[in-house]
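1. Kindly generate the corresponding structure for this input.
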Amino acid sequence: MVKVLFICMGNICRSPTAHGVFERKVLQASLAQRIEIDSAGTHAYHVGEPPDKRAQATALNRGVDLSSQRARRVKKADFDHYDYVIAMDNDNLANLLEICPRTQRNKISLFLSYSSDVDEEEVPDPYYGGPKGFERVLDMVESAADGLLSDIKEKYL
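-> As a prediction, this is how the structure comes out:
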């Protein structure tokens, strides 16, 4: 079983979107029994809450249902459990590196490093923006999810 954890700040916009999109791609590839997926935040602002309504609506328009997810905060035990700990941006990457044991830092990466067609390094936070921001995030996430799935297939499956 390959285990993937997506990380953003509050776990209500970007990381649940990545979680949902990647889950759909894994299901479509008939790999749900071989890949475990979750998401978390580096901060505890929204623990227990569902994803942002705008993130849910945008994802649902593309056939991805985020409604069953609930925000949680990343914990040190996650670094033992997950094979991939994937940050949406450099701030969250830095936060992860602060709490991650040195021996497990190789598990941490930026999500867009898996995309071959997005020129940016970070998935921007759409929280304070309008609907176009959520659409843009979904475009980026879908691209990076394809690359991540290819990486997992190449290394583990």
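2. distance of residue 67 from residue 13?
-> Remark: distance between residue 67 and residue 13 (C-beta to C-beta, to the nearest Å) = 14 Å. Yep, even glycine has a C-beta here, placed from its N, CA and C like the rest.
3. so where do the strands sit in this protein?
-> Applying DSSP state E to the chain gives strands spanning 2-8, 35-41, 84-87, 108-110.
4. Next up, the contacts around residue 140.
-> Taking C-beta atoms under 8 Å, 6 or more residues apart in numbering, we find residue 140 in contact with 112, 115, 118, 120, 123.
5. May I see those organised as a markdown table, with neighbour count added?
-> Written out in a markdown table, the entries for those read as follows (neighbours: other C-beta atoms under 10 Å):
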| residue | neighbour count |
| --- | --- |
| 112 | 21 |
| 115 | 22 |
| 118 | 20 |
| 120 | 11 |
| 123 | 29 |
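6. any chance of the strands of the chain in CSV, plus distance to residue 22 and mean pLDDT?
-> Listed next are the strands of the chain as CSV, based on distance: least, C-beta to C-beta, whole Å; pLDDT from 0 to 100:
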stretch, distance to residue 22, mean pLDDT
strand 2-8, 7, 98
strand 35-41, 6, 98
strand 84-87, 9, 98
strand 108-110, 14, 98
